[in-house]
Every structure is written in structure tokens, then in C-alpha cells.
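Q: Turn this into a model:
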Amino acid sequence: MKVDSDGKPPGTSAAGTPKRGTAGKLTAKAELLKALHDSFEVCDAAWASTNDENAKTMVKRGNRELTRLGVLIYNTTHDNETYGTMVPYMRLKGIVPPSSEPRGETKKQ
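A: Down below sits the predicted model:
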């Protein structure tokens, strides 16, 4: 598992608590893409470090406790719902959502 210089998974503080994202404050495309790729690393590390022993560990999320696996599933569900909300806006702007692009074809530039 990848860890930061403080020995904790990416996206967590030295105490192991989640860091808040900063993508909402970014405006440049390159910065936004970097933040997106960084978020993939955080999620990949969280899934990769989850195993049979720690999947049922209770973790605090807001004012309630969920299992570690429950938090990961909640995050995945939230991501899917957000993507589902973005698709109509993409289509209104004439953009074909990545999930709707034909497989195996190269993009026209």
C-alpha cells in the first residue's frame, strides 16, 4: 500500500483522519486533473488496504459509525450518483459521456 511521508495512507492526516479536498477551489484544468488523479490514488489505496480483518472495523463518518467496507461502498455509490447527475449536463453541452462512447474506437480530434 502506498503511504505518505507520515506513514499514513494518502488522503489522511497524521492522525489517520480524512483530509478535506481542495478541488472546489481550483480553476485551471491542469490543477483539476491533478486533483482528480490524486483522488483516484486515495481511493485505490483505501480499497487496496482493505482486507478480511479490517473490513468490519467501525470508523466514524460524520456523526455516525459505519464499517470500513460500508464507507467504501457508500463512497462508490455516491460517485455513481454524482456521475448520473453529470450525464444530462454533458449531453446538453453536446459532450458524449465516457460511459456512452463506443468501445474500441479512437477519439476524433
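
Q: Just say helix, strand or coil for Leu66.
A: strand (DSSP: H, G, I helix; E, B strand; the rest coil).

Q: Can you tell me how far the closest residue to it other than its chain neighbours is from Ser39?
A: Counting by CB to CB, 6 or more residues apart in numbering, Leu66 lies nearest to Val59, which is 6.4 Å off, once chain neighbours are set aside. Heads up, the C-betas are built off the backbone N, CA and C, glycines and all. From Val59 across to Ser39, the span is 19 Å (CB to CB, to the nearest Å).

Q: same thing with Ala48?
A: Distance of Ala48 to Ser39, computed by CB to CB: 15 Å.

Q: now do Asn75
A: As for Asn75, its distance to Ser39 is 10 Å (criterion: CB to CB).

Q: what do you get for Gly62?
A: Going from Gly62 to Ser39 by CB to CB gives 19 Å.

Q: likewise Glu81?
A: Distance, Glu81 to Ser39, by CB to CB: 16 Å.

Q: counting contacts, what elements does the helix or strand of the chain with the lowest mean pLDDT pack onto?
A: Using mean pLDDT, DSSP states H and E, the weakest-scoring helix or strand in the chain turns out to be strand 58-61, at a mean of 86. Secondary-structure packing of strand 58-61 (3 or more CB pairs under 8 Å, 6 or more residues apart in numbering; DSSP states H and E): strand 64-67, helix 68-92.
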